[in-house]
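Undergrad: one predicted model, sequence on top.
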Amino acid sequence: MEAAEDIDAAGARLVVVTPQSADRAATWRKEVSLGEALVIADPERTLYKALGARRPKPLWVLRPRVAAVGIRAILAGDRPGVTKGDDTLQLGSDVVVDKDGQIVFLHLASDAADRTPPAELVAVLRGLDSSTVPQADPVAPAAATPLP
């Protein structure tokens with residue numbers, strides 16, 4: 001997994017929240033080899049809603065950036081598609097939470113291809129002990145299911 005060693009070196013833990021059921025999320029975790037990452041199933045999208053994560057606008061898949069990412073994934077051998085029970089319309093967010101539970105970085109995706117580069121997230125982690133990290137409001141905890 002990209003940046004896993006850098007995340008560990010920064011004294012942080014990767015947490016992945018998915019809108020899938022706990023069973024489907026557990027299968028997905030094994031498929032993508034997430035190692036020690038904590039995967040949380042949130043099929044009711046409680047955390048997504050609390051963060052203000054978006055849902056795509058009509059015809060989002062026709063956006064050139066989304067189409068390009070999809071084509072690159074297919075050419076790389078990935079199998080993008082719809083799995084029964086998955087919420088394919090939920091867009092992601094990239095969040096860094098400090099040791100006090102405060103959100104210090106929040107990026108809400110505007111489409112499926114809009115993600116923060118791992119190196120940028122690692123830079124935020126490394127800056128947590130400095131005063132250069134932007135502050136944000138805390139988010140209520142999600143009623144979600146952590147996976148073992």
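TA: Alright, I've got the coordinates.
Undergrad: so which residues of this structure form strands?
TA: 15-18, 38-41, 93-97, 103-108, 145-146 (DSSP state E).
Undergrad: number of nearby residues for I74?
TA: I74: 11 surrounding residues under other CB atoms under 10 Å. In short, each C-beta sits where N, CA and C put it, glycine included.
Undergrad: what about Y48, how many neighbours?
TA: Around Y48 there are 23 residues (other CB under 10 Å).
Undergrad: who touches the nearest residue to it once chain neighbours are set aside in this structure?
TA: Distance criterion CB to CB, 6 or more residues apart in numbering; nearest residue to Y48, sequence neighbours excluded, is Q90 at 5.9 Å. Applying CB atoms under 8 Å, 6 or more residues apart in numbering to Q90 gives the contacts P19, R45, Y48, A53, R55.
Undergrad: now T18: how far from A25?
TA: Going from T18 to A25 by CB to CB, to the nearest Å gives 5 Å.
Undergrad: before we move on, back to that, can you add distance to A73 and give the strands of the chain back as CSV?
TA: Below are these laid out as CSV (distance: least, CB to CB, whole Å):
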stretch, distance to A73
strand 15-18, 17
strand 38-41, 20
strand 93-97, 18
strand 103-108, 20
strand 145-146, 27
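Undergrad: about what we covered before: list the residues that contact both of T18 and A25?
TA: With CB under 8 Å, 6+ apart, T18 and A25 have common neighbours V39, I40, A41.
Undergrad: which one of those sits closest to H107?
TA: I40 (18.3 Å; CB to CB).
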